[in-house]
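>>> Dropping a prediction and its sequence here:
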Amino acid sequence: DQQVKQNSPSLSVQEGRISILNCDYTNSMFDYFLWYKKYPAEGPTFLISISSIKDKNEDGRFTVFLNKSAKHLSLHIVPSQPGDSAVYFCASWGGGGADGLTFGKGTHLIIQP
Amino acid sequence: ETGVTQSPTHLIKTRGQQVTLRCSSQSGHNTVSWYQQALGQGPQFIFQYYREEENGRGNFPPRFSGLQFPNYSSELNVNALELDDSALYLCASSLDIGLSYNEQFFGPGTRLTVL
């Protein structure tokens, strides 16, 4: 039973364009949502987060949108840069369970020059 | 400020053996969590330690156990290794200050291969 789903294993975007990564969740008790970025041979690096009481959070080129009624969040990267090529994980916290994060399977973002 | 470090980087074991993985928390952090990331999957929460006590556990059997030391470093022990235990094991540290969520900082991981 996957509580956090990233249905696109990979996404290819041209440099300078917008990258949109999507994530769906099933547990309505999640309190907090996060996006992590992971390069090969490195651990995940925190990118941006959003509390369940908000619907948007912005940090530079990165914006996360949360639609609670649809149980859906998305990460927008504008403009996309070559260094953005990485695997992006959507993660959730809370939900009445243990204190760990629940991750999706990840989306491999490839920025084409 | 020193980040989260893990050792060893890579490890090869055979089925039935036991393994110990180590993690040094980021300076000043008092909580450590362990995750297992199988190939093509996202990290899965194993357990969390706070002040040397297990503070939460995911859906992993008892042969996965851990320790946290007074300096907040940690060990993950896995007994009776199975082929499916082959994965990247990630350690994450955080500072629990009573907030609803405390940001977790990940180490680079230990790649375990079970033959």
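Happy to help now that I have it.
>>> mind checking pLDDT for the closest residue to chain B within chain A?
The nearest approach of chain A to chain B comes at A:Gly100, 2.7 Å away (C-beta to the nearest C-beta). C-beta here means a position set from N, CA and C on the backbone, and glycine is covered the same way. A:Gly100 is assigned 88 on the pLDDT scale.
>>> Confirm for me that it is in contact with B:Phe45.
Yes. Between A:Gly100 and B:Phe45 there is a contact under C-beta atoms under 8 Å: 2.7 Å.
>>> how about the nearest residue to A:Lys105 once chain neighbours are set aside, secondary structure?
Of all residues not flanking A:Lys105 in the chain, B:Gly42 sits nearest, at 4.9 Å (C-beta to C-beta, 6 or more residues apart in numbering or on different chains). Taking DSSP: H, G, I helix; E, B strand; the rest coil as the rule, one finds B:Gly42 in the coil state.
>>> what about B:Gly42, how many neighbours?
Counted with other C-beta atoms under 10 Å in any protein chain shown, the neighbours of B:Gly42 add up to 23.
>>> Quick check: neighbours shared by A:Gly100 and B:Phe45?
B:33, B:35, B:56, B:58 (C-beta atoms under 8 Å, 6 or more residues apart in numbering or on different chains).
>>> from those, which ones fall inside strands?
B:33, B:35, B:56 (DSSP state E).
>>> Chain A: which of the residues you listed is nearest?
Nearest to chain A among those, with distances taken as C-beta to the nearest C-beta, is B:Gly56, at 3.5 Å.
>>> can you pull the pLDDT of the residue nearest to A:Lys105?
Value for B:Gly42, per-residue pLDDT: 95.
>>> if I look at it, how far off is B:Leu83?
According to C-beta to C-beta, to the nearest Å, B:Gly42 stands 20 Å off from B:Leu83.
>>> need the strands for chain A, in chain order.
Under DSSP E, chain A gives strands at A:4-5, A:10-14, A:19-25, A:30-38, A:45-51, A:56-59, A:62-67, A:72-77, A:86-94, A:102-103, A:107-112.
>>> one step back: please convert the ones in strands among the shared contacts of A:Gly100 and B:Phe45 to a markdown table, extending it with pLDDT.
Shown next, in a markdown table, are these (pLDDT from 0 to 100):
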| residue | pLDDT |
| --- | --- |
| B:Ser33 | 95 |
| B:Tyr35 | 97 |
| B:Gly56 | 90 |
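>>> For B:Trp34, give its distance to chain A.
Here the criterion is C-beta to the nearest C-beta, to the nearest Å. By it, B:Trp34 lies 9 Å from chain A.
>>> show me the contacts for that residue.
B:Trp34 neighbours (C-beta under 8 Å, 6+ apart): B:23, B:45-48, B:66, B:74, B:76, B:89-92.
>>> re the thing from before, tell me which two in the shared contacts of A:Gly100 and B:Phe45 are the farthest apart.
B:Tyr35 and B:Gly56 (12.3 Å; C-beta to C-beta).
>>> what are the bridge partners for residue 88, then?
Since you didn't name a chain, this refers to chain A. Beta bridges link A:Tyr88 to A:Lys37, A:Thr107, judged by DSSP bridges.
>>> should've been chain B
B:Gln37, B:Arg111.
>>> Wait, it touches B:Phe106, no?
No. With contact defined as C-beta under 8 Å, B:Leu88 does not count as touching B:Phe106 (10.7 Å).
>>> coming back round to it: find residues that contact each of B:Tyr35 and B:Gly56.
Common neighbours of B:Tyr35 and B:Gly56, counting by C-beta under 8 Å, 6+ apart, are A:100, B:45.
>>> just how off-centre is stretch B:97-112 within its chain?
9 Å (C-alpha atoms, centre = their mean, to the nearest Å).
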